[in-house]
Structures are given as structure tokens and as C-alpha cells.
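Participant: After the sequence you'll find the predicted model.
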Amino acid sequence: MKISTEELENLYSQYRKKLLTVASAILNDTQKAEDAVQDTFIILTKQDYSKIEGHSASWLMLVCKRKAFKQYRKDTKLLVTDPQELEKTSTAKVNAYDYIEATAEYEQACDELREALNELSPRIKKLLDLRYFHEMSYKKIAEKMNISVTNAGFLLNQAKLKLKKILRSASI
């Protein structure tokens with residue numbers, strides 16, 4: 001099943017800036033980064049969306065990173081003879097390495113977060129999942145969990161406090 005125009009526009013408006021930031025960090029070139037983002041959405045239109053739906057954000061990010069790194073590798077293969085161009089190339093490499101290092105730190109933080117989430121009760125995990133991974137409003141969470149909107153907000157705040165406490169105690 002191909003993605004609908006409405007869903008494509010929704011994903012584009014929701015994730016374009018994030019994808020552009022990642023591609024720009026890799027490529028150090030706004031125009032090439034924009035091209036990588038555009039190529040990502042073109043690839044999306046050719047995919048069976050039913051297989052991507054539900055994890056479209058991570059799929060988009062992965063495809064965009066791959067596009068950007070492919071372009072980066074292509075650009076760095078070019079023979080550079082002008083000293084100013086050589087300086088630009090080495091700056092781009094440093095930025096890419098910084099990005100890779102930041103990505104590794106991010107993945108480590110995600111692992112720590114997963115471990116902390118495992119210490120929470122199933123109900124608290126579900127609340128956090130609905131809010132932050134499914135990006136539901138308090139109202140939708142309340143409907144889904146059969147609680148009041150006020151209670152959903154209160155429980156989410158309590159869940160965040162509990163999670164912070166677990167993460168702080170783990171880092172000591």
C-alpha cells in the first residue's frame with residue numbers, strides 16, 4: 001500500500017527539520033542536506049507504507065542518514081588540490097566524526113533509558129510510551145487508559161519524576 005498524499009505531507013512537515021539537521025551535520029552543506037531529505041521522502045513514496053507505518057520516524061531517520069553518508073563518501077573521494085577546498089573537506093570530516101560520536105553517546109543514553117524504563121511498572125511505561133513515542137495528547141491518553149485528563153497529566157508528571165530519580169541513581 002502506497003502512502004497517501006495527506007500522510008506524506010504530514011510526515012514531511014513533522015520530520016523535515018529534524019532530518020535536515022542530521023543531514024547537515026553529516027554533510028556540512030545545506031543544499032546537499034536538503035537533497036538527502038528530499039531523496040528520503042521520494043524513497044518513502046516508493047515503499048509499501050503498511051510495513052513502515054508505526055515506526056516511520058525511525059525509518060525516515062535511518063534512510064536520511066544513509067543518504068547523507070553515501071553523499072559524504074562520494075564527496076570525500078574527489079581529489080582535492082586547492083588548499084582551501086582541502087580545508088573545507090577536513091572540516092566536513094571533523095563534523096561527521098563529531099556527529100558519529102554524538103550518535104554513539106545518544107545510543108548509550110537510549111540504552112540507559114531503556115534499562116530505567118524496565119524498572120517502572122507496566123502502567124507507567126504505557127503512559128510514557130503513549131505520550132512520548134506515540135505522541136498522544138493528554139486527552140487521547142486519558143481516553144485510551146480510561147482515566148481523566150487531569151489524572152493523565154498528574155500520572156505523567158509522577159512518571160517523569162520517577163524516571164529522573166532512577167536515571168540519577170544509576171549515574172552515581
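Facilitator: Nice, thanks for sending it over.

Participant: Identify the residues contacting stretch 117-133?
Facilitator: Identification of contacts with stretch 117-133 by C-beta atoms under 8 Å, 6 or more residues apart in numbering yields 136, 138, 140-141, 144-145, 152, 155-156, 158-160, 162-163, 166. Where you see a C-beta, it was placed from the backbone N, CA and C, and this is true even at glycine.

Participant: one more time with 6 Å, if that's ok
Facilitator: Outside stretch 117-133, the residues within contact range by C-beta atoms under 6 Å, 6 or more residues apart in numbering are 136, 141, 155-156, 159, 166.

Participant: Also stretch 36-50?
Facilitator: 1, 3, 12, 19-20, 23, 60, 63-64, 67-68.

Participant: try 10 Å this time
Facilitator: Applying C-beta atoms under 10 Å, 6 or more residues apart in numbering, the contact partners of stretch 36-50 are 1-5, 7-9, 11-12, 15-24, 26-27, 29, 52, 56, 59-72.

Participant: ok so, going back, now, the contacts of stretch 117-133 that are in helices?
Facilitator: 141, 155-156, 159, 166 (DSSP state H).

Participant: Any chance of JSON lines for those residues, columns neighbour count?
Facilitator: Listed next are those as JSON lines, based on neighbours: other C-beta atoms under 10 Å:
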{"residue": "141", "neighbour count": "22"}
{"residue": "155", "neighbour count": "20"}
{"residue": "156", "neighbour count": "18"}
{"residue": "159", "neighbour count": "21"}
{"residue": "166", "neighbour count": "18"}
